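[1] Prediction below, plus the sequence it came from.
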Amino acid sequence: MSALAVDAVHPAGGLRPMRETDLDAVYAIEIDAYPFPWTPGIFRDCLRAEYPAWVLHEDGRIVGYFLMSVAAGEAHVLNICIARERQGRGYGRRLLQALLHVARGRGAQRIFLEVRPSNQGAIRLYEQEGFNEIGRRPRYYPSHDGREDALVMAIELLDP
């Protein structure tokens, strides 16, 4: 998909569908970025279920990824992550914009996601890209102190 080519901010990189051979690199990013990471089996199950899953790569190295489910005109962001050393450089925005593009191409009219209230950087990015908070899921995420709520956010996709 040429529309998903990485822009001038990341000239050596690109986006492509995730493959099972990517899972070691994806999992390495996951365990570095999250205190309660997904297991390799969860990623593998998502690929086998044929959920849309993409990686962002730069100079032959995976630096980010997303997975989502799409059904009945709605998409749900399952996981989106940028390698810790690449965060704060626009990679997350690029990956989120690619996710919106892929979801729209799969017929989604709206997208939902959950995010920790403590993840202010992600919340700010989601809001800047048009997501709005629509609710809370109490005690949704595990935390070192027990459980943390999730903010539920959504965006309505307009025709391009």
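    Done, it's in.
[2] Excluding covalently adjacent residues, which one is nearest to Leu56?
    Spatial nearest neighbour of Leu56, excluding adjacent residues (C-beta to C-beta, 6 or more residues apart in numbering): Gly64 at 4.0 Å. C-betas here are computed from N, CA, C, even on glycine.
[3] Okay, and the beta partners of that neighbour?
    Leu56, Ile82 (DSSP bridges).
[4] so what's it up against?
    Counting by C-beta atoms under 8 Å, 6 or more residues apart in numbering, Gly64 makes contact with 29, 55-56, 80-83, 86, 91-92, 95.
[5] from those, which is closest to Ser143?
    Distance to Ser143, by C-beta to C-beta, is smallest for Cys81 among these, at 17.7 Å.
[6] ok, and the closest non-adjacent residue to the closest one?
    Using C-beta to C-beta, 6+ apart and skipping the chain neighbours, the partner closest in space to Cys81 is Ala33 (5.2 Å).
[7] Could you give the number of residues near the one you found?
    14 (other C-beta atoms under 10 Å).
[8] wait, is Asn79 part of a strand?
    Yes - according to DSSP: H, G, I helix; E, B strand; the rest coil, Asn79 belongs to a strand.
[9] Quick one, grab the pLDDT at the residue of the chain most remote from its centre.
    Relative to the centre of the chain, the most outlying C-alpha is that of Asp145, 25.1 Å out, by C-alpha atoms, centre = their mean. Note for Asp145: predicted pLDDT of 86.
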